[in-house]
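>>> Sharing a sequence plus its predicted fold:
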Amino acid sequence: IREGKFTQDLQNAVLIIDGYTRFNAEEESFISAIQEEVSEIIIGTYASEVDYKLTDFSLSVYKNSLEMLERFQNKFSAKIKYMYKPKAETVYDKLTDLLKMETNFLQDNVKIELDSQDKRHFEIWEAENQMAEIEAVAKEIRQKITRGASFKDFTVLVGDVDTYAIPLQETFELYEIPFFYAQEESMSQHPLIIFLESLYAIKKNNYRTNDVVNLLKSNIYRDVNFDQESLDYFEYYVNKYKIRGKKKFVNSFDASEFLERDKVEALRETLFGEHSALQVFLKGNSEKTGNAWLNSFQNFLQKGHVLENMNSLYNQAEHENNHGLADKHEQVWKLLLSNLMEFKSIFSEQKMKVLEFLDLILSGLKNAKYRQIPANVDVVNVKDYELVEARTNKYIYAIGLSLTNFPKVKQNSSLLSDEERASINQNV
């Protein structure tokens, strides 16, 4: 975008972003770049006009939104427009107002009562301790089960997943309640993604030894004629003789005194030689259209036995009755195919170099999460309340919502703040 490749396409566009209360550094860097190209950007968020006047936003339930509004006003001279549409008050509006009065001393103390109709949809409990809280939920679930409900009708939202994991498991097992603990798990350590990251690093860093070894260790790019022993000898050889740089991997290894040189040389020629699938794909630094890169990448996946090796991982997991692992292999592969289809629809005629192509493909994979599926359909779903989706179940219990965890504010634990990251990204 900053290179001006999309200026003509974007100059009359209006970009609408809705529903966010905060952006990470990468997302904010994107907004910073594109706001100079488009006709207008409209960002919709939830906040309070009264709370925006506070000197300390931490007193508001809209803390993240208010900080974002102030930052964008200072950074982009953004105009803030408040939209308010009167509507019939629901129980959830009343609860929001109750929470506002608890956290904001500027909020008028208006008497809010939950009537009998409201209590049909919502109840607030207070428990003496963690075990009493979990046990109360377990008893409620058991009572509703005896009245005809199914376990799948229940969702339990947890404010502090780590603290509640063990006591919740023990209590639910005591009450014979089958449950599925849905936790976020990143795809970043899957062999296919490690392979693609290593491929990108090999091209970018001119065949560093570690990048080449990591690519082979993923077991995604390999030939059936080479066993693990051959890979181990190859790793030992390239480290011992400090093999680095494209030229040294393309040309023959010449350490004749190495006892297993023939095995290592055969592997090098097949996987990294001048006519190997990898060299054909990464060769040169010229620009090609997105469609041309997709065709090249497809040939690389076939000739480099990538699809064959992915199928092998899947079949091995199924053979070992590890259906969860097999499902992960399938999810990652389907996500790659989905990203390639999306790439085609957007960048098919766009010219780019191989590093740009790989970077775009990886951008949709690195931060992806596995979609977790319970082994048994009729189970209680237990999840972090950040993962909840609206109107997904008949009965929802939220536990562990103490002042420490609710409302939850995500903390940046890195050395750089999001603002510093955004500033660095803008100037790179």
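Good, I have the coordinates.
>>> Next, the closest residue to Leu66 other than its chain neighbours: phi, psi?
Among residues not flanking Leu66 along the chain, Phe57 sits closest, at 4.5 Å (Cβ to Cβ, 6 or more residues apart in numbering). For every residue, glycine as well, the C-beta is placed using N, CA and C. When read as degrees, to the nearest 10, the backbone of Phe57 gives phi -70, psi -20.
>>> Same question for the one 4 residues further on.
The main-chain torsion angles of Val61 are listed as degrees, to the nearest 10 and equal phi -70, psi -10.
>>> And Tyr397, its phi and psi?
Per degrees, to the nearest 10, the backbone of Tyr397 is at phi -120, psi 130.
>>> Please shift the residue numbers so they start at 638 in all later answers.
Will do, 638 is the new start, and the previous item becomes Tyr1034.
>>> So what's the residue count around Tyr729?
11 (other Cβ atoms under 10 Å).
>>> in which helix or strand would I find it?
helix 728-740 (DSSP states H and E).
>>> That helix: what's the following helix or strand?
helix 767-783.
>>> who's in contact with that next one?
762, 764, 788, 790-791, 793, 800-801, 804-805, 808-809, 811-812, 814, 1017, 1032, 1034, 1036-1037 (Cβ atoms under 8 Å, 6 or more residues apart in numbering).
>>> Next, the buried residues of that helix.
Buried positions in helix 767-783, judged by neighbour count with 16 or more other Cβ atoms under 10 Å: Gln767, Glu770, Ile771, Glu772, Ala773, Val774, Ala775, Ile778, Lys781, Ile782.
>>> Now render the residues you listed as CSV, adding pLDDT.
As requested, those are exported to CSV (pLDDT from 0 to 100):
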residue, pLDDT
Gln767, 91
Glu770, 94
Ile771, 94
Glu772, 95
Ala773, 95
Val774, 95
Ala775, 96
Ile778, 95
Lys781, 94
Ile782, 95
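>>> mind putting the residues you listed in JSON lines, distance to Glu834 included?
Below are the buried residues of helix 767-783 laid out as JSON lines (distance: Cβ to Cβ, whole Å):
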{"residue": "Gln767", "distance to Glu834": "41"}
{"residue": "Glu770", "distance to Glu834": "43"}
{"residue": "Ile771", "distance to Glu834": "41"}
{"residue": "Glu772", "distance to Glu834": "46"}
{"residue": "Ala773", "distance to Glu834": "47"}
{"residue": "Val774", "distance to Glu834": "42"}
{"residue": "Ala775", "distance to Glu834": "44"}
{"residue": "Ile778", "distance to Glu834": "43"}
{"residue": "Lys781", "distance to Glu834": "47"}
{"residue": "Ile782", "distance to Glu834": "47"}
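>>> Which one of these is nearest to Asn842?
Gln767 (49.4 Å; Cβ to Cβ).
>>> Distance-wise, check that closest one relative to Val1017.
Distance, Gln767 to Val1017, using Cβ to Cβ, to the nearest Å: 18 Å.
>>> Show me what the top helix by length along the chain is packed up against.
Ranked by residue count, the top helix of the chain under DSSP state H comes out as helix 960-984. Using 3 or more Cβ pairs under 8 Å, 6 or more residues apart in numbering; DSSP states H and E as the contact test, the elements touching helix 960-984 are helix 828-841, helix 927-940, helix 943-956, helix 991-1000.
>>> helices or strands next to the next helix or strand after it in the packing?
Per DSSP H and E, helix 960-984 leads on to strand 988-989 as the next helix or strand towards the C-terminus. Judged by 3+ Cβ pairs under 8 Å, 6+ apart, strand 988-989 is in contact with strand 925-926.
>>> how distant is the strand it packs on from the center of its chain?
29 Å (Cα atoms, centre = their mean, to the nearest Å).
>>> now, among the buried residues of helix 767-783, which is nearest to Glu750?
Ala773 (23.7 Å).
>>> Report the separation between the closest one and Ala764.
For Ala773, the distance to Ala764 - Cβ to Cβ - is 6 Å.
>>> ok, now Ser923?
Taken as Cβ to Cβ, the span from Ser923 to Ala764 is 66 Å.
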